[in-house]
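Asks: Can you look at this prediction? I've put the sequence above it.
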Amino acid sequence: MTPVPQSGERSAWERVQLARHAERPHVVEYVERMFDSFDPVHGDRSFGDDPAILAGFAQFRGRPLMVIGQEKGRDTKGRMERNFGMPKPEGYRKALRVMQLAAKFGRPILTLLDTPGAYPGIDAEERGQAEAIARSLYEMARLDVPIIVVCIGEGGSGGALAMGVGNRILMLENAVYSVISPESCAAIVWRDATRAEEAAEALKLTAENLLGLGMIDAIVDEPADGAQCDWDEAAKLLGDAVERNLAELDKLTPAQLVAERYEKFRRMGGFFEEA
């Protein structure tokens, strides 16, 4: 077996492979290990339920919160049922329904991002996929409760960003977050998907890259060889990070939470031009 490179030695492409590792813990595994209890919410009260979104009421280290995550599924049957973690419009509307419940009851929100992207099928487009994503972005920006976003695996394009508007944005050290997959980027730019490794470096999609660019707030450590090697330790490290950030956000008023979140995203993507 090829040894896993040490954390500081890993290339962007190696991070992509670890983010997609078959044994990497998914939302279900984190929910089982991080929360004292979890009561799921089903359906968007409009069309149906989307198993790609796991959401509900949770007790986290003695306090209530709402958790929403993108679940890929563990085996073949589970992946088919969960649509490989690619949500449809009803999934985003279910997530928004849970967020609105959180605002109603004054509960913090924790979202766990792990998707290659929103489902691009014709049926999803017919049911308003783009509108559902846009509505989620709009409403998350206005919620007056603490929102913590964690990219635990793949943060794929608008599919992840739809649940990514938070006061604190965290990434596991081997997660990736990008507007496009390296394979698709290589196919578009060079018409050669085999240059995905090169594209991964150019996309600046690692946690270190994004922290340096000011797109995320902190990197969450993983076990030495990656989260796939020790689910319990990975969940503990993530839980500790969530607890620290919740404690910081508890000091802010509802109005301050909204204002801080707004300013955070206004600062992103700033650039200047010289004559």
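Replies: Received, thanks. Numbers count the residues shown, from 1 in each chain.
Asks: Buried residues of stretch 54-64, list them for me.
Replies: Within stretch 54-64, the residues that count as buried by 16 or more other CB atoms under 10 Å are 54-58, 60. Yep, even glycine has a C-beta here, placed from its N, CA and C like the rest.
Asks: Check stretch 197-214 too.
Replies: Going by neighbour count (16+ other CB under 10 Å), the buried part of stretch 197-214 is 197-200, 203, 205-211.
Asks: likewise stretch 93-105?
Replies: 93-99, 101-103.
Asks: From the opening residue of stretch 211-222 to its closing one, how far?
Replies: For stretch 211-222, the separation between the terminal residues is 16 Å (CA to CA, to the nearest Å).
Asks: circling back: so which of the buried residues of stretch 93-105 belong to helices?
Replies: Those of the buried residues of stretch 93-105 mapping onto helices are 93-99, 101-103, per DSSP state H.
Asks: Mind putting the residues you listed into JSON lines with distance to L65?
Replies: Converted to JSON lines, these look like this (distance: CB to CB, whole Å):
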{"residue": "R93", "distance to L65": "20"}
{"residue": "K94", "distance to L65": "17"}
{"residue": "A95", "distance to L65": "14"}
{"residue": "L96", "distance to L65": "16"}
{"residue": "R97", "distance to L65": "16"}
{"residue": "V98", "distance to L65": "11"}
{"residue": "M99", "distance to L65": "11"}
{"residue": "L101", "distance to L65": "11"}
{"residue": "A102", "distance to L65": "7"}
{"residue": "A103", "distance to L65": "12"}
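Asks: picking up where we left off before, so can I have TSV of the buried residues of stretch 93-105 showing pLDDT and distance to V150?
Replies: What follows is these, written out as TSV (pLDDT from 0 to 100; distance: CB to CB, whole Å):
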residue	pLDDT	distance to V150
R93	96	22
K94	97	19
A95	97	15
L96	96	18
R97	96	21
V98	97	16
M99	97	15
L101	96	20
A102	97	16
A103	96	20
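Asks: Over to the residue nearest the centre of the chain. Which of the three states is it?
Replies: Per CA atoms, centre = their mean, the C-alpha nearest to the average position across the chain is that of L113, at 1.7 Å. Secondary structure state of L113, per DSSP: H, G, I helix; E, B strand; the rest coil, is strand.
Asks: Wait, it touches G164, no?
Replies: Yes. If you go by CB atoms under 8 Å, L113 and G164 touch, sitting 6.1 Å apart.
Asks: which residues do those two both contact?
Replies: Any residue near both L113 and G164 by CB atoms under 8 Å, 6 or more residues apart in numbering counts here, and that gives 149, 151, 155.
Asks: so when I look at the first one, I'm seeing a strand, right?
Replies: Translated: V149. Yes. Per three-state DSSP, V149 lies within a strand segment.
Asks: who touches it in this structure?
Replies: Listed by CB under 8 Å, 6+ apart, the contact partners of V149 are 111, 113, 163-166, 168-170.
Asks: circling back to that earlier point, what distance do you get for the residue nearest to the centre of the chain to K72?
Replies: As judged by CB to CB, to the nearest Å, L113 and K72 stand 11 Å apart.
Asks: Next, show the common contact partners of the two.
Replies: G153.
Asks: what is the rounded mean pLDDT of the one helix or strand A234 maps to?
Replies: Here A234 is covered by helix 231-249, with elements defined by DSSP states H and E. Averaged across helix 231-249, pLDDT comes to 97.
Asks: Name the residues that touch the helix or strand just after it?
Replies: Following helix 231-249 in sequence order, the next helix or strand is helix 254-267 (DSSP H and E). Helix 254-267 is contacted from outside by 141-147, 165-167, 214, 249, 252, using CB under 8 Å, 6+ apart.
Asks: Looking at those residues, spot the one nearest W13.
Replies: Looking at the contacts of helix 254-267 and their distance to W13, the nearest is G214, at 23.5 Å (CB to CB).
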